[in-house]
Each structure stands twice: as structure tokens, then as C-alpha cells.
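Q: Quick one, fold the following:
(chains A and B)
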Amino acid sequence: MLNGEQGHVIALALKTLVHYGKAFGAQRLVPIKSAHLAGSFGSISYSAYYIVLEQFIKAGLRVKVPTTINPRPGHDLNLLNRIAFGKQNALDFKMQQLGVTPNYSCVCYEKDNVPNVGDCLAWSESSAVQFANSVLGARTNRNSLLIDLCSAITGFTPEFGYLLDENRRGKIVVKLNINKMDPSALGFIIGRKVVSKVPVIEHYNFSRSDLKNMGGAMAAAGGIALFHVEGLTPEASDMKAAFAGVEPESIITITQDDLNAIQTRQTDCSDLVVFGCPQLNLEEACLLASKFSVKRVKKPAWFCMIPADKINFEKTDLYKKIRTADIKVYTHCPLSALTVQLRRKRVLTPSGKLFYYLESAEYADLDNCIRACEA
Amino acid sequence: MVTLQGRSLVGGRGIGPALVTQMPINFSAAFGRAANAIPGHRSVIQDRHHELFKKNIRGKVLIFPACIGSTFTGMVLMQIMYKKEAPVAMIVQEADSLLVSGSILADVWFKCGIPVIEYKSVDIFDKIRNGDIIEAIGDTGEIKIYRETTQ
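A: Numbers count the residues shown, from 1 in each chain, chains lettered A, B, ... in the order given. Below you'll find the predicted structure:
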């Protein structure tokens, strides 16, 4: 394939993976079970990306493994977004031609692309990589956008980093001194402090949603691709297993003060409250909806949901309740949708990830965000 | 002139003034804004969480500890290289899959990658100061530091 007998373009895709692997001392390429792509925004700024996509399509290439893709960017939200994401329809069509599953969600691991323990993957999307490695026990590096597609097209990924046992063991012990748990804020602080090593968090009974939100924040404020929770995640039955018998490099403690420090005190100053980054699933949307008690929210609020889950959410009474309360339910990525603005909206969010990326975002925990909508 | 020996990640040769930060960089947050779509401003860091906020890294040899954040990174870096607004080289303490991808993608698909060198020791931040002229030789991993001595 590398010599071009299957065509020049697939040879370039493979060459990309070979160079990528060589930089990290990979000995070989290994077959992957699935891919997940981050390149779902038809932004007019990313010309180089479309040039490469076009080459794939002209060469008649299609993905060789099941491949899902990130949310759409909110291209139809307003005029400005229609201009900024003017290539959305063309991009959607290109992805269809390449054979990509149109799930349009960063939470691909619930239905459309569910890996098993030990599966080798080539995923991008930092929050999905984090969940696949940490919670599902599958194996993927933090692959870049377009590297993901080179893997999907060829069916291979270079074997290095988080594909190998020795890089999956814990490096840092994270002790908790917290009265009121806020997984998203905790993830943000761990990301800042641990940067890109593998943290092992002392036991706490986090829910699956907690792990998703905590992981997303860790991968934005830091470069973490894998974390363990003592006695909870698949590779950390206890501390000894999580560290594979090796001594931790260091021990850090995260306190309530650390979590409080990123909380804004002025929750009433915001123009919009955004829930769902990563996107909410049906269960999360129902739980969140049930926490709202007012007939009508005082401040605009968005739920951003997995598209397939939104369809089911629309059938519930809770959906009717929150729509009556004037909460909007969307399926696009809130970050990209709010990146282009004429007048900068002050956004309040309980998502550590959105807080990191969105210039005008403030952070508050879930309860305070709900209160801000209702007050 | 002082020469440091790092590990080669992406080949090529780049020479330019050093821009040093001890904060990890989130390139997606830095260059993924609407403001970065304007020609000439593609490499202005727009991440308010970073000390290099509003600094243009174009033409610089960027020296930093680690690359963090979103998997958009490789594409964002490829784009600034493709548009010829990138740094001339990057020297990083801890190599990261996303950072390296950016330059490899630019190199394989557009022949415009920049050298990337990993230099693990923390003494990099003592030996290189902002504004020193740095020659980064990606193929060998050599880092040459030229400093005008002031009396």
C-alpha cells in the first residue's frame, strides 16, 4: 500500500501514519476496530483540510472500519453562522461519500461506536478518546483530526503510546479533600495540575455521566488521554493494579478551595446558560429537565444533545415541560455555534470543557447554573 | 554559540528568534477563533488562559513544555503552516501526538512542515531566553543558540 500499488492517495495516508508512528518509536502499524472523526465543522477557515478530503474522494476511497463523526457546528443557527460554516453541507456530503456514519455526536460511544475492553482504535475528539481509554478500557492515542481519517481509510494506526501496557499505568496519585463533589470542576483542576500524565484518582463513586464530564474537562485544561479511578475504572481494581506495582511519581491533593476557585460568583450576569458539552444523552437530559421547577426560565438556556437521543427526548413529557419553559434543545456543538458572534454573549456553563474553550464563558456547578436560569 | 542535543521528531531546518513560555499550549484554543481566520492574524494566540495571549508566534522558534487540549490541534497547525504563518520551528519538552501530527500532516500533504524537536531537560528554560536566535535542525535534533553578547 505504501509503494502506491493501491493508488497514490492511500499511499500518502499510510505515509502520514508511518511518519507519525516513527516520531514516537512505533515498531509497526496495527489494525483498528473503529475510528471516530473530529472534523465535522464546515468552517470556511480550514482550507487545507478540505483539499486533503477532496483527494480522498477523487481517489474513490472509503473508510475501512466503522467510523463515526463529531457534532455539527450549529451552522443553521443564524446568518453569521451560515456564513462562517458555509461549507457544512459540502462537508456532510463528503463524509457521506467516504462512508462515515452520520451520528454527529462527540458521545459516539453510547450506541454508534461502542468499543470493547482492549480494542485498538484510532479516535480523535479528546473527550471521546478519554472515555474510550479510561472508562471502557479500549486503546487509542489522542489522534489529531485528519490523522483519524488516514487511519479510517487505511484501517491502521501506529502502535505506540496508549496502545501499549507500559504507558497505561498510573503516574500520579490524586487525593480528594472535597465536601461537595463537582466532577467537571475536578476534571478541570486535574487537567491543569497533571497536564498530560496518567492520574489515578482515589476511590469515589462517580457515575458514568460524572466520568464523561470530568474526562472532557481534563482533556481541555490538560492533555490527559487516560485516567483511572481506584476501584471503579476497568484498569484500576485497586491502587496497586492502577500503578502496575510501580511507585507513583508524585501525590497531589485537590481541595474544595481548588474547585471553588474556578466558580464564578456572578452567575446572574450571564446572557445564556449552556448544558451539554459533551452532549447530553436521553437519561441526562431527563434528569436535568426534572430539576427545573419554574414555568418559564428568566434567562435563555440550551440543552445540547446527541441527535439520536434528542428524537427520543422529544417524545417525553419532560421535553414538553422544558420547551414550555422556553429552554432550547439543540444537537449542535455549543462551542462552535458560539465561536462566531457579533456581540459577545456571556455564557454560563457547568461544562469544564466549554468553559476552557469559549472565550466568554464562566463556570458554575450544575445547581448554580439551574438557579441562574430560574432566578 | 551553544548547541543542545534534542530528539528529532519532524525534520527540516528553521532559524528565528526564540519565543519561550513555560505554560503548556492548547493550540485549538489558541488558533481556533474567528479572529484567526483573518490573513496575517492566523498565528495570534487567542487563548485567554495563556500568558502568550495576543502574541503572534509567526516566524518564531516556539519553546514550550507541552501541547494540551483538543484533537483539532493537528489540523489547526497544518492550516497555519499551509498559509505560511507558522512558527519556523517548535521545541517541546514533552512530545505529544497532536503537536507532531500537525507538522507531519503539513509535510506529507503540502510539503510545508516545520521542524519539531523534543528536549526533555528543564534547563532549556535557563539556556534559551526570549529573543535569542535559534537554529533548529529537525533532522538531527540539534538546537543552536546564538546570542548577541552585550557589554
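Q: now chain B, which segments are flagged as low pLDDT?
A: B:148-151 (pLDDT under 70).
Q: residue contacts, the residue in chain B that chain A sits nearest to?
A: At 2.6 Å from chain A, B:Gly74 is the closest residue in chain B, using Cβ to the nearest Cβ. Every C-beta, even on glycine, is put in place using the N, C-alpha and C of the backbone. Remark: with contacts taken as Cβ atoms under 8 Å, 6 or more residues apart in numbering or on different chains, B:Gly74 is in contact with A:Ser144, A:Leu145, A:Leu146, A:Ile147, B:Leu98, B:Ser101, B:Gly102, B:Leu105.
Q: Would you enumerate the residues in contact with the nearest residue to the fourth one once chain neighbours are set aside?
A: With sequence-adjacent residues excluded and distances taken as Cβ to Cβ, 6 or more residues apart in numbering or on different chains, A:Ile147 is closest to B:Ser101, at 4.9 Å. For B:Ser101, the contacting residues are A:Tyr20, A:Asn143, A:Ser144, A:Leu146, A:Ile147, B:Thr73, B:Gly74, B:Leu77, taking Cβ under 8 Å, 6+ apart as the criterion.
Q: Now do whatever helix or strand B:Ser101 lives in: distance to the chain's middle.
A: Using DSSP states H and E, B:Ser101 falls within helix B:97-110. Distance of helix B:97-110 from the chain centroid (Cα atoms, centre = their mean, to the nearest Å) equals 13 Å.
Q: Across the sheet, point out what pairs with the closest residue to B:Asp96 other than its chain neighbours.
A: Nearest non-adjacent residue to B:Asp96, counting by Cβ to Cβ, 6+ apart: B:Cys67, 4.1 Å away. For B:Cys67, the beta-bridge partners are B:Ile25 (DSSP bridges).
Q: what's the spacing between B:Cys67 and A:Ser270?
A: According to Cβ to Cβ, to the nearest Å, B:Cys67 stands 31 Å off from A:Ser270.
Q: Please say which of the two ends up with more neighbours.
A: A direct count of neighbours by other Cβ atoms under 10 Å in any protein chain shown for B:Cys67 and A:Ser270 places B:Cys67 higher, at 28 against 24.
Q: Could you list which residues are in contact with the nearest residue to A:Asn281 once chain neighbours are set aside?
A: Counting by Cβ to Cβ, 6+ apart, A:Asp309 is the residue found nearest to A:Asn281 once chain neighbours are left out, at 4.9 Å. Residues in contact with A:Asp309 (Cβ under 8 Å, 6+ apart) are A:Gln279, A:Leu280, A:Asn281, A:Leu282, A:Ala285.
Q: Over to A:Asp309: give its phi and psi.
A: Main-chain torsions, A:Asp309, degrees, to the nearest 10: phi -80, psi -30.
Q: Flag every buried residue along the longest strand seen in chain B.
A: Longest strand in chain B, counting residues (DSSP state E): strand B:13-20. Applying a neighbour-count criterion of 16 or more other Cβ atoms under 10 Å in any protein chain shown, one finds B:Gly14, B:Ile15, B:Gly16, B:Ala18, B:Leu19, B:Val20 buried in strand B:13-20.
Q: Just the pLDDT at the residue in the stretch 201-350 of chain A positioned nearest to chain B, thanks.
A: Using Cβ to the nearest Cβ, the single residue of the stretch 201-350 of chain A nearest to chain B is A:Gly223, 3.9 Å away. With respect to pLDDT, A:Gly223 has a value of 91.
Q: What segments of the chain are strands?
A: You didn't pick a chain, so chain A it is. Counting by DSSP E, the strands of chain A are A:29-31, A:34-37, A:67-69, A:121-123, A:156-158, A:172-177, A:199-201, A:228-229, A:250-255, A:272-280, A:301-305, A:328-330, A:347-349, A:361-363.
Q: My question was about chain B, not that one.
A: B:2-5, B:7-10, B:13-20, B:61-64, B:89-92, B:116-118, B:133-137, B:142-146.
Q: can you pull the contacts of B:Ala18?
A: B:Ala18 makes contact with B:Lys60, B:Val61, B:Ile63, B:Ile128, B:Arg129, B:Asn130, B:Gly131, B:Asp132, B:Ile133, B:Ile134, B:Ile145, according to Cβ under 8 Å, 6+ apart.
Q: Mind giving me the PyMOL command for buried ones among those?
A: Buried residues within the contacts of B:Ala18, by 16+ other Cβ under 10 Å, are selected in PyMOL with:
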select buried, chain B and resi 60+61+63+128+132+134+145
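Q: how about the contacts of B:Ala18, which pair is most distant?
A: Greatest spatial distance among these (Cβ to Cβ): B:Lys60 and B:Ile145, at 14.3 Å.
Q: Enumerate the residues of the stretch 251-375 of chain A near chain B.
A: The stretch 251-375 of chain A comes close to chain B at residues A:Thr339, A:Val340, A:Tyr356, A:Tyr357, A:Glu359, as judged by Cβ under 8 Å from any Cβ of the partner chain.
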